[in-house]
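**Q** Any chance you can model this:
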Amino acid sequence: METVYIDKHLALVDACRKGCRKSQFELYKLYERAMYNVALRIVNHEGEAEDVLQDAFLDAFTRLTDFRSETTFGLWLKQIVVNKSINCLRKRRAEFVSLDGVEAEDIPVTDEKEIQWRVEEIKSAVKLLPDGYRVVLTLYLFEGYDHEEISHILKISEVTSRSQLLRGKTKLKQILAQKGVRDEY
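**A** Coordinates of the predicted model:
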């Protein structure tokens, strides 16, 4: 069965295609905060996240003819924001250490019940992670991408994506432990 996406903002998108500036502003207001947060989680710098956001909206509005409504406008825009954020990191030369050919030990599957951390403690701890760990962890845990998608987006192997996630989680736990947040699972 094919997935069908219903985009409740399709009328705004159609008005934008016709050049309606008011509709562009309304779409911007609808998605600005969420897309800024996506960019900020990836680039970890407020100024750069703002730049990514502006570039993403500019790109989206100039490429609206490419939007075919196969997905929602929000998902399409989010992909643009993620790609622009990754490009921003590449300009900073974020390093993703390749572990191709390295045997990874089996990682036990953790219980699906994750601990309820206080949001601000986790946000501040995630910001302290090295770029490679933070980006993979963000894409996987917060943005919902799988390792195959992450490897495609970042142009790294799936093994590297998995190891960056594992190392990122380990480092995050260390940072949280240093802050006095206990690991209770």
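**Q** buried ones in the longest helix seen in the chain?
**A** Determined from DSSP state H, the single longest helix within the chain is helix 21-43. By neighbour count on 16 or more other Cβ atoms under 10 Å, the buried set for helix 21-43 is 23-24, 27-28, 30-31, 35-36, 38-43. In short, each C-beta sits where N, CA and C put it, glycine included.
**Q** Adding pLDDT, write those residues out as CSV.
**A** Written out in CSV, the entries for these read as follows (pLDDT from 0 to 100):
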residue, pLDDT
Ser23, 93
Gln24, 93
Leu27, 92
Tyr28, 94
Leu30, 93
Tyr31, 94
Met35, 95
Tyr36, 96
Val38, 92
Ala39, 94
Leu40, 93
Arg41, 90
Ile42, 91
Val43, 93
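**Q** Closest to Ser151 out of those?
**A** Ile42 (15.9 Å; Cβ to Cβ).
**Q** show me the contacts for that closest one.
**A** Under the criterion of Cβ atoms under 8 Å, 6 or more residues apart in numbering, the neighbours of Ile42 are Val82, Ser85, Ile86, Cys88, Leu89, Arg134, Val135, Thr138, Leu139.
**Q** Not counting sequence-adjacent ones, nearest residue to it?
**A** Ser85 (3.8 Å; Cβ to Cβ, 6 or more residues apart in numbering).
**Q** Equivalent analysis for Leu139, please.
**A** If you skip the residues right next to it in sequence, Leu139 has Tyr145 as its closest partner in space, 4.5 Å away by Cβ to Cβ, 6+ apart.
**Q** Is the one you found in contact with Val136, as I believe?
**A** No - with the criterion set as Cβ atoms under 8 Å, Tyr145 and Val136 do not qualify as a contacting pair; they are 9.1 Å apart.
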